[in-house]
Structures are given as structure tokens and as C-alpha cells.
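Visitor: Just to be clear, the model below is a prediction. Sequence and coordinates:
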Amino acid sequence: MGLFDWMSNLFGGQKPPRREAPRRQPAPIPSRPLPPPFQSGNTARSATPSPRSESRTLEGLEVAQFAPLSDAEASREAKALGRPTWASPWFGRRDLIPPTSDPRTVLIDRLMVSEGLTTPEELAEIHAVGAEMDRVRPDLAHAADRAQQAVARSQQERARRKAEKKVAAAERKRLRAEAIAERKRTDIIFLGRGVSRGLSQRESNAEKLELHGLPMLSTPQELARAMGLDIKTLRWLAFHSEAAASVHYVQFTAPKKSGGVRVLASPHRKLRSAQRWILEHIVARIPVHQAAHGFVAGHSIVTNAAAHAGCAVVINCDLKDFFPSITFARVEGFFRSVGYSGAVATILALIVTESPRQRVNYAGRELWVATGQRVLPQGACTSPALSNLLAWRLDRRLQALSHKLGLSYTRYADDLTFSAAQPLGDKIGYVLARVRHIVQDEGFLLNPQKTRVQKQSACQTVTGLVVNHRVGVHRATVRELRAILHNAKRTGLAAQNRQHHPNFAAWLQGMVAYVRMVNEPQGARLQEELSSLQV
């Protein structure tokens, strides 16, 4: 039976069971010295007081108080207490040591000594500690109270600062939202990944712009005002997205003479209007190289071919993927070179370029996904004029090469033509090699399948016109038109539509006007015959 079970039976009024084994003797008291308050006047043990216990005093406490008890004495003293010992206010508490003034505590201590669980010296030291704890407990309670108050004040201060920070953060958030809204309303700082790096630069070169007679524009707001748009619309027109639900172009294909199809992109109304403004107020005011004949006012395929009429050798070259070779970066660099700031140059370049796109279905949505970088689209009104301006260095270098070798050079869009009044002999290979190197150095590529060397002994053509002796339309084409007009006098025009043109009369009228543009007398005679049929 354990000590606490035995004490429960003892203090509960039950008689302790008889022990079969001899009673265990209490543990011998060690010879450790006791503090002065615990030394008995009648004890024969003499020891030197411990320095650790000299400051402790516990009046009325002697070692004899913890003398061992027999079972009968313990039962007798427990009954003398008059009520159950478990009702003691000290029982079960772990925050203090019961004092020796409590008879129940003394009884329990003596029983513990009787069972050999402790010694009187250890009990004396324990109660000395308890007395010291009782003495300092009010101070500890006061200190704990002050600590709690300090913690409360600290928490209140932290709560106050937190509330102030929340208010300040909310105010900053509000001001930032207002600033962002105002900036979105009046400025453009982002137009898509990979194309927005120049938007922070807002200084234009006034001298260069004045030299070319261009409008002075430095910021997106100034550009929007000049174009008659608001910032929101300008941002919408210029924004670049890799995957867009809608685009600003309608794509369609047209057959090529050489086979295959050509992908064309027609801009929607608002973008077309913005591109037309850029063409009229900026691009068209910058002069192109004199060798360029395509998309230039006052020039045509006739002026391009006339420069090579009656020559001994005519060399034709073709630039592969001419418009797709002119990328967004090159267009932006061009607008910067004429004096515009990075912000204006970026927006202008985004408006006049577009990425090739493919329609896909993803997660139930139809998206137009970019399959390449932004380039000049075939179908925008600005693309031809910009291609001439961006090919200026190419024209200058090829013109210099031609002048050095005694050649004539012209360019009509992507068609390069060189001619020589005298036979070139073995110099033709050198000319083609130099042309190829210059073209590649300027960021273009030659199409080797369309490179032709034409001598005067065969039919020489430039941009579809014969130039052996003078500029003219192919003899076969003129003969076909004459045959149609002659036979139509007997059978009517509809019967001569052997190629099934959708609008044969309009086609015939266009062909006659084409011949008249190249050769006025020849075309005038054909026009008279056509007019007589229509009457």
C-alpha cells in the first residue's frame, strides 16, 4: 500500500491494516548542519550553521516537531484535529508551501519522516523556503500587477499605432488608386510585355522635328490630343497582347502569281483612321530615296521601267518577305531617328505594326494568338510609305554600288532592278554577290528563285513592262485586247469572257486604262473601240 493510500485511510477514520513485515526504520538523519532556527536545545547533535541558511529564521520551529510517529499516535492525533484533514486550505495547492502553524501540515510532515520519505533537516529547509516565499509574495504580486499593467499599456500603444498605420495605409492606398486612375486617364505607361520600355522617355528633339516639318509631340497626351483621341482609345489601339480575344484587323488571303497565297490584314475603322493620320502628318512629310518608285507620288511602274529601257543587260532581284522583314523595333527606331521621344515613337510603332496571329480555342474561348513579332502588316495604309523610308539606307548603298560600277538602279517595293548600257561579261556574278551582301547587311533577304539576268537578245521586263527598246506592254496582252474588242463587235462582250471574270466589262476597262498609262497612243485607240461597243 502506498503512502497516500495509507494516509487516506488514516485521515478518513479507518484503522490502518496490520503490517505483516517488520516496520521499516526511518532513514538516518544526515550529519548535515541545520540552520539556527531549527536546532533543538536538547539535541546532542552539534554542527556548524550553513552559510546558505544563516539569513533564514522560523520562530518556534524545532527538529523535534518532525519526530517520527507510530500508527497509533498518527491515528490519535488525526482524530484530535476534529475534522477531515483534506478540508485544509493548503491541501492540493501547488503555488505555496504549507506553513508549520497548520497542525495538519505538521502531522503530514511527521508521517513522511516516519515512512522514511524525507528527513527533519530537509523539512526544515523546505519550510524555510516557504516562509521566505510568504514574505516576498506581496512584492511578487505587486510586481506581477505592475507587469500586467505595463503589458496592457504596451498592448494599447501597439493597438493605437496599428490603428494609425491602418489609417495611414488606407490613405496611401486611396491616394495611389486616385493617382493610378488619373494616370490612366491622362497618360500611358504600359502597352504590353516587350514593347513598353521606351514609354518612360518623354523628351523629343525639337530641331530634328522642325527640320522635317513634323508636329512637335513628346508625351502620349500630346499625341492623343493631336490625333483627336482620348488616352483610353489611344491605349486600346496601341496595346500589344500575346493572346487577344479580339484584334484590330480582318485577315484574308489573296493568290500570288507565282503560286501560293498572300495573307492580307485590313485594319478596322478606328485603327485605319489613326494610321491615316500618321501617314498624312508624319510619314508622308519625310522624303524617300530617289531610287524608290513604288508608293511614291508621281512615280509608277512606268517611271521605274523607263530608267532601264534600251539597256544591254537588266538584272532583276526580289526581296523575300519584304514587309514582314520590317519589325516593330526597326519602326520604333525610325520614329526616334526623326526626333520623337521614346514614348511617342513606341506608340506610333505599335499603331502601324501587328503580329501575325492564329485563331485558337482555349478553355472554351476563341483567342487570336501571336505567332511572331510585330511587323508591318500588308493592308495598312502606312506600310508602303514606311517600307520606303526604312529601306533608305539600302537604296543609298545600292545606288552607290551602281554608280561605282556604271549601273542604273531603281526599286519598286520589293523589286530591285539594275541595268547596264554595255554588257557586263564576268562582272554579273560580282554584282549579284555584292547586292546579296548589302541586302543581308540591311536586314533583308534576296529571293534566289526570282533573280533574273536579262540580255537584250531576249525579252527584258521590269515590273511587268517590256523595256528592250522602249517601255511598253507585252505584245501578247495588246493582241488579246484587240481580239476581244474586234470579236465583241459581232458576238457582244459577254461572249468574249472566256476566263470567266466576275465583272468582265470592268476588267476590260481596267486593262485598256493600263495600256493607255504605258503607251498613250496605243491605249487611246483601244479606248475608242471599247467606247463604241458600250454605246
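Guide: Looks like it arrived, so ask away.
Visitor: Without its sequence neighbours, what residue ends up closest to T105?
Guide: P98 (4.0 Å; CB to CB, 6 or more residues apart in numbering). Using the backbone N, CA and C atoms, a C-beta is placed for each residue, glycine as well.
Visitor: how many neighbours does C317 have?
Guide: Residues near C317, counting by other CB atoms under 10 Å, number 23.
Visitor: can you pull out the helices in the stretch 351-500 of the chain?
Guide: 383-390, 392-405, 427-441, 475-491 (DSSP state H, counting those that start in this stretch).
Visitor: mind giving me TSV with those helices and columns for distance to G116, mean pLDDT and mean neighbour count?
Guide: Below are the helices of the stretch 351-500 of the chain laid out as TSV (distance: least, CB to CB, whole Å; pLDDT from 0 to 100; neighbours: other CB atoms under 10 Å):
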stretch	distance to G116	mean pLDDT	mean neighbour count
helix 383-390	108	96	22
helix 392-405	111	96	16
helix 427-441	107	95	15
helix 475-491	134	92	14
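Visitor: As TSV, these with distance to S341 would be great.
Guide: Listed next are the helices of the stretch 351-500 of the chain as TSV, based on distance: least, CB to CB, whole Å:
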stretch	distance to S341
helix 383-390	19
helix 392-405	22
helix 427-441	29
helix 475-491	51
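Visitor: Which of those helices sits closest to S419?
Guide: helix 392-405 (9.0 Å; CB to CB).
Visitor: Next, name the residue at the spatial heart of this structure.
Guide: The centroid of the chain falls nearest to R193 when counting by CA atoms, centre = their mean (6.4 Å).
Visitor: roughly how far apart are it and R269?
Guide: R193 sits 27 Å away from R269, going by CB to CB, to the nearest Å.
Visitor: ok so, going back, isn't the residue nearest to T105 up against L107?
Guide: No. With contacts counted by CB atoms under 8 Å, P98 stays clear of L107, the gap being 11.0 Å.
Visitor: would you list every one of the strands in this protein?
Guide: 243-244, 249-255, 261-267, 313-318, 357-362, 365-370, 408-412, 415-420, 452-455, 461-462, 465-466 (DSSP state E).
Visitor: got the ones you listed as CSV, with distance to R176 and mean pLDDT columns?
Guide: As requested, the strands of the chain are exported to CSV (distance: least, CB to CB, whole Å; pLDDT from 0 to 100):
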stretch, distance to R176, mean pLDDT
strand 243-244, 28, 92
strand 249-255, 36, 87
strand 261-267, 36, 87
strand 313-318, 55, 96
strand 357-362, 34, 91
strand 365-370, 32, 92
strand 408-412, 53, 97
strand 415-420, 56, 96
strand 452-455, 64, 94
strand 461-462, 63, 96
strand 465-466, 65, 95
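Visitor: that older thread, which one of the helices of the stretch 351-500 of the chain lies closest to V302?
Guide: Nearest of the helices of the stretch 351-500 of the chain (CB to CB): helix 475-491, 14.9 Å.
Visitor: Report the backbone C-alpha coordinates of that closest one in CSV.
Guide: In CSV, the C-alpha atoms belonging to helix 475-491 read as follows (Å, rounded to 0.1, in the frame of the first residue of the first chain):
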residue,chain,number,x,y,z
ARG,A,475,2.7,42.3,-127.3
ALA,A,476,0.6,39.3,-126.3
THR,A,477,-1.5,41.3,-123.9
VAL,A,478,-2.2,44.0,-126.5
ARG,A,479,-3.1,41.4,-129.1
GLU,A,480,-5.5,39.7,-126.7
LEU,A,481,-7.3,43.0,-126.0
ARG,A,482,-7.6,43.8,-129.7
ALA,A,483,-9.0,40.4,-130.5
ILE,A,484,-11.6,40.7,-127.7
LEU,A,485,-12.7,44.1,-128.9
HIS,A,486,-12.8,43.0,-132.6
ASN,A,487,-14.8,39.8,-131.9
ALA,A,488,-17.2,41.7,-129.4
LYS,A,489,-18.5,43.7,-132.4
ARG,A,490,-20.0,40.5,-133.7
THR,A,491,-20.8,38.5,-130.6
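Visitor: Which secondary structure elements does that helix sit against?
Guide: Here helix 475-491 touches helix 504-518, helix 520-534, going by 3 or more CB pairs under 8 Å, 6 or more residues apart in numbering; DSSP states H and E.
Visitor: mean pLDDT lowest for which of these?
Guide: Mean pLDDT is lowest for helix 520-534 out of those, coming in at a mean of 90.
Visitor: quick one: that one to helix 475-491, angle?
Guide: With axes from the mean of the first three to the mean of the last three CA atoms, to 10 degrees applied, the angle from helix 520-534 to helix 475-491 works out at 20 degrees.
Visitor: Could I get the buried residue list for helix 520-534?
Guide: Of the residues in helix 520-534, Q522, G523, L526, Q527, E529, L530 count as buried by neighbour count, 16 or more other CB atoms under 10 Å.
Visitor: next one: that helix to chain centre, how far?
Guide: Taking CA atoms, centre = their mean, to the nearest Å, one finds helix 520-534 lying 64 Å from the centre of the chain it belongs to.
Visitor: Which residues does it contact?
Guide: With contacts defined as CB atoms under 8 Å, 6 or more residues apart in numbering, helix 520-534 is touched by 472-473, 478, 481-482, 485-486, 488-489, 493, 505, 508-509, 512-517.
Visitor: 7 Å - rerun?
Guide: For helix 520-534, contacts defined as CB atoms under 7 Å, 6 or more residues apart in numbering pick out V478, L481, L485, A488, K489, L493, L508, Q509, V512, V515, R516, M517.
Visitor: so who does the first one touch?
Guide: The reference is to V478. Listed by CB under 7 Å, 6+ apart, the contact partners of V478 are V515, Q522.
Visitor: State the distance from it to T463.
Guide: Relative to T463, and taking CB to CB, V478 is found at 17 Å.
Visitor: Skipping its backbone neighbours, what lies nearest E366 in space?
Guide: The shortest distance from E366 to any non-neighbouring residue, by CB to CB, 6+ apart, is to R359 (6.4 Å).
Visitor: Isn't that neighbour up against T371?
Guide: No. Counting by CB atoms under 7 Å, R359 does not reach T371; the two are 10.7 Å apart.
Visitor: circling back: would you reformat the helices and strands packed on helix 475-491 as JSON lines and include distance to L386?
Guide: Putting those into JSON lines (distance: least, CB to CB, whole Å) gives the following:
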{"stretch": "helix 504-518", "distance to L386": "26"}
{"stretch": "helix 520-534", "distance to L386": "33"}
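Visitor: shaky segments in this structure?
Guide: 1-67, 81-88, 90-92, 534-535 (pLDDT under 70).
Visitor: how about the helices in the stretch 201-350 of the chain?
Guide: Using DSSP H, counting those that start in this stretch, helices in the stretch 201-350 of the chain cover 206-212, 220-227, 231-238, 269-281, 301-306, 328-337, 342-352.
Visitor: List the buried residues of stretch 348-355.
Guide: In stretch 348-355, counting by 16+ other CB under 10 Å, buried: L348, A349, L350, I351, V352, T353, E354, S355.
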